[in-house]
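S.K.: sequence first, predicted coordinates after that:
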Amino acid sequence: MSFQSLEDVLQASASPVELLRNSQIGPYAFPVVRHEFTNWRDEQRSWRETCALFDQSHHMTDLYVEGPDALQVFSNLGVNSFKNFKVNQAKQFVACNHDGYVIGDAILFYLDENRFNLVGRPPAENWVQYNVEAGGYNAWVERDERSAANQGRRKTFRYQVQGPNALRVMEKTIGKAAPDIRFFNMETISIAGHPVHALRHGMVGQPGWELFGLWEHGEAVRNAILDAGQEFGIKQVGARTYPTTCLESGWIPSPMPAIYTGDELKPYRIWLKASSYEAMASLGGSFHSSNIADYYLTPYELGYGPFVKFDHDFVGRAALEKMAANPKRKKVTLVWNGDDVEHALGSLFHGHEDPAKFIDLPLANYATLPYDKVLRHGKMIGLSTYSGYTYNERAMISLAVVDIEHSEPGAQVTLVWGEEGRGSSKPTVERHAQREVRATVAAAPYAEVARVAYRPH
């Protein structure tokens, strides 16, 4: 049977949870970029010790929104305030459903008068595009898909230069002092004779810039940065290493899009294609509820509380006003017990019973939407959502949301690693036995430099 929409797929499935848990898609892909340029340990070290060059040109969806009502679209959908939002600024756009649960987030660039670019994973872009098309706005969209969907050719290249030597690399690249740009503001600079937008950014708590321009200029710009960065220890970061940056910066990149329930969102589910991210994403981990809404997260749980401003009407406002007075959970970092991680890995070599679910390094995710149970004294107190190893901290860590009363740094908890019943039918899941891993609650971001230097506003 051929399905046209997400709603068709859901109607033919036992439940949204079973659909996603048995999806044949693995973790979110970072296509085209070389797997490793050197090795992932040194590539992780580069953003802490020297300078890293990230190639973000391929894995994110770009949605261009233009027209007299373009800003109003984002104001009506985003929890953010747009009162003082101006051309040549950017912000992290967060959109919720009518009950206050996050549909998606992405970076919103104010490119020109009435012209915006939303960049990130597809859920936020899909939601904005649907509302532009269905909401009667005087605005229009242009979509630039990820390289996996458009044969590798994009409208723009997108790089990041990050690390303690980033300033010196940039100054040598442009041949003069770097412009004094405020955080999340941008200017146009020249690299290799080509105009490049430079956004002041700090992905892993280090000083840095996000650079983007016309696709055909990308190779020349990249080569100029690499040539200038050689004496400062610049390293290109591969697709294996890049997704671990968020572990140190504390950004949870993979919340469940809160769109699978509710009559208000049924037209949206009909609009979404059966091949959409929301229909194809895989759900994995030890947390298993029959109610898909139990996987939804709020802006407060994801650490976006400071972004929520009640100075405008937006989808989900009334629900968030009630949540704001009494948030239940908080984002934290879990630092896994090294002995328990060693024991889980060692199960591959000892005994005849099922080993633990394989812990891949540096990123341990084996599903698009990872959700593991977090326990304390045998009681579930939260969810671990994104797991991996940071060579900079010599630690296996994960980003989690836990009940506020258990969120103090130093609290001892237990994470359940692996799926129930020896695992789901996802091809990334071998037959295995669940293991309990002790963990210590820590701040998010975990890296001290990110906590001190990174400005979340």
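M.R.: Nice, thanks for sending it over.

S.K.: low pLDDT regions in the stretch 51-200 of the chain?
M.R.: Counting by pLDDT under 70, the stretch 51-200 of the chain contains low-confidence residues at 152.

S.K.: can you give me the helices for it?
M.R.: Ranges of helices in the stretch 51-200 of the chain, per DSSP state H, counting those that start in this stretch, are 70-77, 122-134, 166-174.

S.K.: which other helices and strands contact the longest one?
M.R.: What that stands for is helix 122-134. Contacting helix 122-134 under the criterion 3 or more C-beta pairs under 8 Å, 6 or more residues apart in numbering; DSSP states H and E are the following elements: strand 61-66, helix 70-77, strand 90-96, strand 102-112, strand 115-120, strand 140-144, helix 266-271, helix 277-280. For the C-beta atoms, the positions are set from N, CA and C on the backbone; glycine is no exception.

S.K.: between the second one and strand 140-144, how many degrees?
M.R.: Interaxial angle, helix 70-77 versus strand 140-144 (axes from the mean of the first three to the mean of the last three C-alpha atoms, to 10 degrees): 80 degrees.

S.K.: so helix 70-77 versus strand 61-66, what angle?
M.R.: Calculated by the same axes, to 10 degrees, helix 70-77 forms an angle of 120 degrees with strand 61-66.

S.K.: export helix 70-77 as CSV, just CAs?
M.R.: The C-alpha coordinates for helix 70-77 follow below in CSV (Å, rounded to 0.1, in the frame of the first residue of the first chain):
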residue,chain,number,x,y,z
ALA,A,70,7.7,36.8,7.0
LEU,A,71,8.7,38.1,10.4
GLN,A,72,5.1,37.7,11.5
VAL,A,73,5.2,34.0,10.7
PHE,A,74,8.1,33.5,13.0
SER,A,75,6.6,35.7,15.7
ASN,A,76,3.3,33.7,15.6
LEU,A,77,5.1,30.3,15.8
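
S.K.: which one, of the helices and strands packed on helix 122-134, ends up nearest to residue 39?
M.R.: Residue 39 sits nearest to strand 115-120 of all the helices and strands packed on helix 122-134, at 28.1 Å, using C-beta to C-beta.

S.K.: who touches the closest one?
M.R.: Residues outside strand 115-120 that contact it (C-beta atoms under 8 Å, 6 or more residues apart in numbering): 60-66, 70-71, 74, 93, 104-111, 124-125, 128, 158.

S.K.: repeat for stretch 55-63
M.R.: Contacts of stretch 55-63 with the rest of the structure, by C-beta under 8 Å, 6+ apart, involve 28-33, 106, 117-122, 125, 128-129, 141-148, 152, 154-160, 210, 215, 218, 222, 236-237, 242.

S.K.: so for the closest residue to residue 338 other than its chain neighbours, what's the pLDDT?
M.R.: Here the nearest residue to residue 338 in space, its sequence neighbours aside, is residue 396; by C-beta to C-beta, 6 or more residues apart in numbering that works out to 7.2 Å. Turning to residue 396, the model gives it a pLDDT of 97.

S.K.: same question, residue 353
M.R.: 83.

S.K.: contacts only, for it.
M.R.: Shown here is residue 353, whose contacts under the criterion C-beta under 8 Å, 6+ apart are residue 433.

S.K.: distance check, it against residue 433.
M.R.: In this structure, residue 353 lies at 6 Å from residue 433, with C-beta to C-beta, to the nearest Å as the measure.

S.K.: do residue 314 as well
M.R.: When C-beta to C-beta is applied, the distance between residue 314 and residue 433 equals 45 Å.

S.K.: now residue 33
M.R.: Distance, residue 33 to residue 433, by C-beta to C-beta: 35 Å.

S.K.: who's more crowded, these two?
M.R.: Residue environment comparison for residue 33 versus residue 433 gives the larger neighbour count to residue 33, 21 against 16, counting by other C-beta atoms under 10 Å.

S.K.: what sits against the more buried one?
M.R.: For residue 33, the contact set (C-beta under 8 Å, 6+ apart) comprises 55, 57, 58, 59, 238, 239, 242.

S.K.: could you rerun that using 7 Å?
M.R.: By C-beta atoms under 7 Å, 6 or more residues apart in numbering, residue 33 lies in contact with 55, 58, 238, 239.

S.K.: looks like the third one contacts residue 44 (just checking).
M.R.: No - contact status for residue 238 versus residue 44: not in contact, 10.7 Å apart, counting by C-beta atoms under 7 Å.

S.K.: so the residue nearest to residue 338 touches residue 336, yeah?
M.R.: Yes - assessed by C-beta under 7 Å, residue 396 is found in contact with residue 336 at 4.1 Å.

S.K.: and these two? Which one has more around it.
M.R.: Shown here are residue 396 and residue 336; by other C-beta under 10 Å, residue 396 has more neighbours (26 against 23).

S.K.: what's the neighbour count on residue 317?
M.R.: For residue 317, the count of nearby residues is 16 (other C-beta under 10 Å).

S.K.: an error on my part: the question was meant for residue 351.
M.R.: Neighbourhood size, residue 351 [other C-beta under 10 Å]: 9.

S.K.: also residue 254?
M.R.: By other C-beta under 10 Å, the residues close to residue 254 number 21.
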